[in-house]
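>>> Structure, please.
(2 chains)
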There are 2 protein chains.
Amino acid sequence: MEVNSVVELSLLYDFYGGLMKDNKRRIFEDYVLNDYSLSEIAKEQGISRQGVHDTIKRCTKELRDYEEKLCLIEKFQKTKEMVNQIRNISKNVQESGNMVEIAKIETLSAKILEEY
Amino acid sequence: MEVNSVVELSLLYDFYGGLMKDNKRRIFEDYVLNDYSLSEIAKEQGISRQGVHDTIKRCTKELRDYEEKLCLIEKFQKTKEMVNQIRNISKNVQESGNMVEIAKIETLSAKILEEY
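As a prediction, this is how the structure comes out:
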């Protein structure tokens, strides 16, 4: 699987995996998180390779639908980005002793809280 | 409705409302967000008061189930609390000029990022 897909699917799984049915989740986990091949999973589950492929495709659609409806990953990512900025600013302030930047930390944290 | 219930249900709605079916969502919104009575909604929807009551009960269960499975509100609340601490610390540092506290901002932001 492409690295991009792994990153996207792992993130979707982290957020919405709890809503997947157990049997589908196991197949999805084996493929996305444990890096098993379609054939290996097929053998393990006693189903066809095509069956595994279809299940993963359906799971991916299901997870993407959740994000399309809820946008919680998007929201989390934005927060993460701002918290990252806060961390960098606090490092800079400690190193430089320049207090001016602290106002930015307040602005950023206020912005995060507004969005909750 | 009790204030506690309104707060809980609004929060659940904010996070998971997008997964509710349109017709159920409208009834839930009218009751929780727009503060209509069961009888008013029943009249508007052309169903019984008991029907409205049951729909709201089912919706509440559905939303609580999502949170039980995903715990995303819990996660958001923890982040919010830490961002609140960051904001307060940045205010204090600006007022007091005491730089020591800035290390705490870095620790808190690192902690938030770790959990993502």
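>>> Pull out the buried positions in the host helix or strand of residue A:14.
Using DSSP states H and E, residue A:14 sits within helix A:3-16. For helix A:3-16, a neighbour-count test (16 or more other C-beta atoms under 10 Å in any protein chain shown) marks A:8, A:9, A:11, A:12, A:13, A:15, A:16 as buried. C-beta: built from backbone N, CA, C; applies to glycine.
>>> Keep the residues you listed, but drop any that are not near chain B.
When C-beta under 8 Å from any C-beta of the partner chain is applied, the members of the buried residues of helix A:3-16 adjacent to chain B are A:15, A:16.
>>> Can you tell me which of the buried residues of helix A:3-16 is nearest residue A:94?
Residue A:94 lies nearest to residue A:11 out of these, by C-beta to C-beta, at 31.3 Å.
>>> just to revisit the earlier point, check what contacts the following helix or strand past the helix holding residue A:14 and list those residues.
Next along the chain after helix A:3-16, taking DSSP H and E as the criterion, comes helix A:22-32. Helix A:22-32 is contacted by residues A:1, A:6, A:9-10, A:13, A:17, A:20, A:36, A:38, A:40-41, A:44-45, A:52, A:55-56, A:58-59 when judged by C-beta atoms under 8 Å, 6 or more residues apart in numbering or on different chains.
>>> 7 Å instead, please
Here helix A:22-32 makes contact (C-beta atoms under 7 Å, 6 or more residues apart in numbering or on different chains) with A:6, A:9-10, A:13, A:17, A:20, A:36, A:41, A:45, A:52, A:55-56, A:59.
>>> Can you show me the helices along chain A?
Secondary structure of chain A (DSSP state H): helices at A:3-16, A:22-32, A:38-45, A:49-70, A:72-96, A:102-114.
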